[in-house]
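J.: Please find the sequence and the predicted model below.
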There are 2 protein chains.
Amino acid sequence: MIEVNNNFEQLPVSYLFSEVGRKVAAFKEKHPGREVIRMDIGDVTKPLFPSVIKAMHEAVDELGSAERFHGYGPEQGYSFLREAIAEYDYQRRGIHVEPSDIFVSDGAKSDIGNLGDIYSRNCKVAVMNPAYPVYVDDSVIDGRAGVLENGIWSNLIYLKCDANNGFLPELPDVRPDVIFLCFPNNPTGVGISKSQLKEWVDFAREQGVLIIFDSAYEAFVREPNIVRSIYEIDGAEEVAIEIRSFSKTAGFTGLRCGYTVVPRQLKGVYADGKEVALNTLWNRRQTTKFNGASYVAQKGAAAIYTPEGRADVIKATDYYLGNAALIRQAMTEKGFLAFGGENSPYVWAKGAEGADSWKVFEEMLNNFGFSTTPGSGFGSQGDGYIRLTGFNSRENTEKAMRKLTE
Amino acid sequence: MIEVNNNFEQLPVSYLFSEVGRKVAAFKEKHPGREVIRMDIGDVTKPLFPSVIKAMHEAVDELGSAERFHGYGPEQGYSFLREAIAEYDYQRRGIHVEPSDIFVSDGAKSDIGNLGDIYSRNCKVAVMNPAYPVYVDDSVIDGRAGVLENGIWSNLIYLKCDANNGFLPELPDVRPDVIFLCFPNNPTGVGISKSQLKEWVDFAREQGVLIIFDSAYEAFVREPNIVRSIYEIDGAEEVAIEIRSFSKTAGFTGLRCGYTVVPRQLKGVYADGKEVALNTLWNRRQTTKFNGASYVAQKGAAAIYTPEGRADVIKATDYYLGNAALIRQAMTEKGFLAFGGENSPYVWAKGAEGADSWKVFEEMLNNFGFSTTPGSGFGSQGDGYIRLTGFNSRENTEKAMRKLTE
């Protein structure tokens, strides 16, 4: 038998979502008459925009036509999409990003994992605690996490987030090589201001650190001082990769399309001291291990940048933000300490002092008939919290919050 | 600056396809009146089947409907597709593969690369020479190739293929951990018989080797004794992963969908001696670093397994096989030693004794007005050969072959 990647042996299986499902099912069986509203839903629920649907029907017809058939596309994505992204997501917002900096993919989750191919296995990685679990799991698979002891990986640097710092971490004492930052944050829903993010960019420039900035939720930002792109900060193009997704922006969770920005100014160094652009390495990785995103999905994504599509994005994200605002208001009214729910579809709420996340989860389910996501699933600092999302319908959100406050 | 993956530093840039394009462009400029027919085309040219187009339109409509919208799907692929694959590609051919052995993805190129995450970095890799270049390039990126000297990677085992062995390699003297085999082969077009492949499976079972069997071209097999799936060989489920693609089978090159079979019986071992199913590891890799193939592409792929779709696959592959047969016949008639072109869309032809691949390429272009792919781009043993493909239209193929033989 062959030797496998030993890093998998230590990787704990996450039962978070299956356990939520199991507890909800058990509750329903015990209380057959009672409805359970899913306030833990992490997926979008609204259909794709008419402009996107129209563009995809046209793309499908092209693929069925002898004259207009498209085979292999560029691994980096079609120019029509890279140019639209550069113009509307960056240049029209005063940010200098070129189409050649942009790599279209099948989604943010793939890119976050696959980026691990281009930086050294020796890189020390910092993650926020709590955080989207794949930053840690990817680091484990790639051999950068070290040994797991009491839920702590020996080689990771944890950026502690809590109520005291408003879930905005402080700069680490030890220099990491790579820092994963996510704003607006999943799970806490907290956004970051330009002046706050500038501290991180300045730190990265001084210390020679790479920031991988996950801005999958940027479309939910409404306040001008809250960052949508790390490249709003001067000099960030020399230290940061930005990961974007159409999943929450435009409901592409099942369609699979996203993109990653690797500015040509961003450099790394080989062991022999020779500098190399990370754009060159990522291009090589993607052309070798990837064959481009689906043409139909790329055509759909391009439609988001039409006048109709841009209006639809605002309308859809406004709807989910409206739900999140209702949740935050109700939770606050009920006495919970709540974060997020502004510039984000997520609300992050603290249970009673001393109650762990599962206890808070059970209370919400038993007392008010809705399910939530236990915060402990996102890291030790998430314990005692629950995540609620704005992705259900307005009607269901209102119903759940009425149960809470009545 | 951060340290990058040092393996990229040694990875040579391949200019093969850009150089072919450059030479064709230069020829056209020099001979403005002369047409160049692309016999080097590696992409399909026929549109998607009507049954696939219909299924994709329906899928798009579902995504646009509030009631029938689909968000995140299973990372392993939807059951409707995994079940269709298990039934039609395996069970109806007498091969025992379960839906849970099958992982749907965005394509074979991604899977070939990403599989490197589950076996140890210390694994010694064997590749056919010549071969599809990504087996080597992926091994380089992952740090398994060693040092490049005179075009040879110190840690790779090269399975020499040439006219003497009919481009069917012999078993290696040194035990590899992982062997990449591709049949019907790209670039040589050679298929493998059951008795020949049995030698490899028996070797793998005796020596504890993992075979990664790339059968992207299985849909072109017409002779019953030529292998379509490695699982036709008894015991292969204990030693082999099989990679499949809808790209050449059904024209999905731009749509992106394929699948990989990792049988539950296939085991690996951690450094501490504990056994683990590779299916478990691949499942963990895919659920962590991948978020499923596009729903629209999966719905299109499922349509290939309807009675209409299955007939369309045969019709389309018959068409390309017809082209390949014409090429093989014409090349042979003209005195070239030719391989493939049966059970494969590729014809592999040897130029005059002593002529390198680029010289043969130039001769074909100058004397007969068609472009080919220099065999040296697939490895040192490919030098002196060119690859011709059946993917152009019948009309163009006939025209090019007439120029050759008249």
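T.: The structure has been received and is ready for your questions.

J.: what packs against the lowest-mean-pLDDT helix or strand in chain A?
T.: Least confident helix or strand of chain A, by mean pLDDT, DSSP states H and E, is helix A:16-30 with a mean of 91. Where contact means 3 or more CB pairs under 8 Å, 6 or more residues apart in numbering or on different chains; DSSP states H and E, helix A:16-30 is packed against helix A:357-363, strand A:370-371, strand A:373-374. No exception for glycine: its C-beta is placed from N, CA and C like everyone else's.

J.: tell me how far the ends of stretch A:63-83 are from each other?
T.: Using CA to CA, to the nearest Å, the end-to-end distance of stretch A:63-83 comes to 22 Å.

J.: What are the buried residues along that stretch?
T.: A:63-64, A:69-78, A:81-83 (16 or more other CB atoms under 10 Å in any protein chain shown).

J.: Quick one: mark the members of the residues you listed that sit in helices.
T.: A:63, A:81, A:82, A:83 (DSSP state H).

J.: How are the helices of chain A distributed by residue range?
T.: Going by DSSP H, chain A shows helices at A:7-10, A:16-30, A:50-63, A:79-85, A:108-114, A:134-141, A:194-207, A:247-250, A:278-289, A:295-303, A:307-333, A:357-363, A:394-405.

J.: Now the most centrally placed residue in chain A: closest residue in space, sequence neighbours ignored.
T.: In chain A, the residue lying closest to the centroid (CA atoms, centre = their mean) is residue A:216, at 4.4 Å. In this structure, residue A:216 finds its nearest non-sequential neighbour in residue A:245, 4.1 Å apart by CB to CB, 6 or more residues apart in numbering or on different chains.

J.: Count the residues that sit near that neighbour.
T.: 26 (other CB atoms under 10 Å in any protein chain shown).

J.: domains in chain A, as residue ranges please.
T.: Chain A breaks down into these domains under automatic domain parsing: A:14-43+A:309-405, A:53-305.

J.: hey, which of those is tucked in deepest?
T.: Burial of those is given as mean neighbour count (mean count of other CB atoms under 10 Å in any protein chain shown); domain A:53-305 ranks first at a mean of 20.

J.: for it, what is the average pLDDT?
T.: For domain A:53-305, the mean per-residue pLDDT is 97.

J.: Look up how far residue B:38 lies from residue A:379.
T.: Distance of residue A:379 to residue B:38, given as CB to CB, to the nearest Å: 54 Å.

J.: Kindly report the same for residue A:34.
T.: Distance, residue A:34 to residue B:38, using CB to CB: 66 Å.

J.: now swap in residue A:92 and tell me
T.: Counting by CB to CB, the gap from residue A:92 to residue B:38 is 40 Å.

J.: what does residue A:151 give?
T.: Counting by CB to CB, the gap from residue A:151 to residue B:38 is 58 Å.

J.: same deal with residue A:146?
T.: For residue A:146, the distance to residue B:38 - CB to CB - is 52 Å.

J.: quick one on the thing from earlier: and the helices and strands packed on helix A:16-30: which comes nearest chain B?
T.: Proximity to chain B (CB to the nearest CB) singles out strand A:373-374 among these, at 14.6 Å.

J.: and the residue of the stretch 201-350 of chain A nearest chain B?
T.: For the stretch 201-350 of chain A, CB to the nearest CB, closest residue to chain B: residue A:289, 3.0 Å.

J.: mind checking how far the closest residue in space to that residue that isn't next to it in sequence is from residue B:182?
T.: Excluding the flanking residues, the one nearest residue A:289 by CB to CB, 6+ apart is residue B:113, at 3.0 Å. Per CB to CB, residue B:113 is found 15 Å from residue B:182.

J.: now swap in residue A:11 and tell me
T.: According to CB to CB, residue A:11 and residue B:182 sit 31 Å apart.

J.: on that earlier part again, so what sits opposite the residue nearest to residue A:216 in the bridge?
T.: residue A:258 (DSSP bridges).

J.: wait, what's in contact with it?
T.: By CB atoms under 8 Å, 6 or more residues apart in numbering or on different chains, residue A:245 lies in contact with A:107, A:108, A:216, A:252, A:258.

J.: Was I right to think the second one contacts residue A:243?
T.: What that stands for is residue A:108. Yes. Counting by CB atoms under 8 Å, residue A:108 touches residue A:243, with 5.0 Å between them.

J.: okay, and the common contacts of these two?
T.: What both residue A:108 and residue A:243 touch, as defined by CB under 8 Å, 6+ apart, is the set A:214, A:216, A:258, A:260.

J.: Show me these that map onto strands.
T.: Applying DSSP state E to the shared contacts of residue A:108 and residue A:243, the entries found in strands are A:214, A:258, A:260.

J.: Apart from its neighbours in sequence, what residue is nearest the first one?
T.: The shortest distance from residue A:214 to any residue that is not its chain neighbour, by CB to CB, 6+ apart, is 4.0 Å, and that residue is residue A:182.

J.: Can you tell me how far that neighbour is from chain B?
T.: Remark: distance between residue A:182 and chain B (CB to the nearest CB, to the nearest Å) = 16 Å.

J.: likewise residue A:195?
T.: 25 Å.

J.: How about the stretch 101-250 of chain A: which residue is closest to chain B?
T.: residue A:113 (3.0 Å).

J.: Would you mind listing the residues in contact with that residue?
T.: A:134, A:138, A:141, B:288, B:289, B:290.

J.: Let me know the closest of those residues to residue B:336.
T.: residue B:290 (43.1 Å; CB to CB).

J.: My guess is residue A:368 contacts residue A:402. True?
T.: No. When contacts are counted by CB under 8 Å, residue A:368 is not listed as touching residue A:402 (9.4 Å).

J.: where does residue A:395 land on pLDDT?
T.: 97.

J.: I'd like to know which of the domains of chain A lies nearest to residue B:329.
T.: Closest to residue B:329 of the domains of chain A is domain A:53-305 (CB to CB; 25.8 Å).

J.: picking up where we left off before, and chain B, which of the ones in helices among the buried residues of stretch A:63-83 reach it?
T.: residue A:63 (CB under 8 Å from any CB of the partner chain).

J.: any chance of the ones in helices among the buried residues of stretch A:63-83 in TSV, with distance to residue B:391 too?
T.: Shown next, in TSV, are those (distance: CB to CB, whole Å):
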residue	distance to residue B:391
A:63	16
A:81	26
A:82	27
A:83	29
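
J.: can you tell me which of the ones in helices among the buried residues of stretch A:63-83 lies nearest to chain B?
T.: Minimum distance to chain B across these is 4.7 Å, recorded for residue A:63 (CB to the nearest CB).

J.: Nearest residue to the closest one in space, please, no chain neighbours.
T.: Nearest one to residue A:63, counting by CB to CB, 6+ apart, is residue B:48 at 4.7 Å.

J.: burial measure for the one you found, as a count.
T.: 26.

J.: In this structure residue A:143 contacts residue A:120, no?
T.: No. Applying CB under 8 Å, one finds residue A:143 not in contact with residue A:120, separated by 10.7 Å.

J.: circling back to that earlier point, the helices and strands packed on helix A:16-30 into JSON lines, with extra columns for mean pLDDT and distance to chain B?
T.: Below are the helices and strands packed on helix A:16-30 laid out as JSON lines (pLDDT from 0 to 100; distance: least, CB to the nearest CB, whole Å):
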{"stretch": "helix A:357-363", "mean pLDDT": "97", "distance to chain B": "21"}
{"stretch": "strand A:370-371", "mean pLDDT": "97", "distance to chain B": "17"}
{"stretch": "strand A:373-374", "mean pLDDT": "97", "distance to chain B": "15"}
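
J.: Indicate which one of those is closest to residue A:279.
T.: strand A:373-374 (35.9 Å).

J.: Show me how far that closest one is from its chain's centre.
T.: 17 Å (CA atoms, centre = their mean, to the nearest Å).

J.: if I look at the closest residue to residue A:74 other than its chain neighbours, how far off is residue B:59?
T.: Excluding its sequence neighbours, the residue lying closest to residue A:74 (CB to CB, 6+ apart) is residue A:292, at 6.3 Å. Distance of residue A:292 to residue B:59, given as CB to CB: 19 Å.
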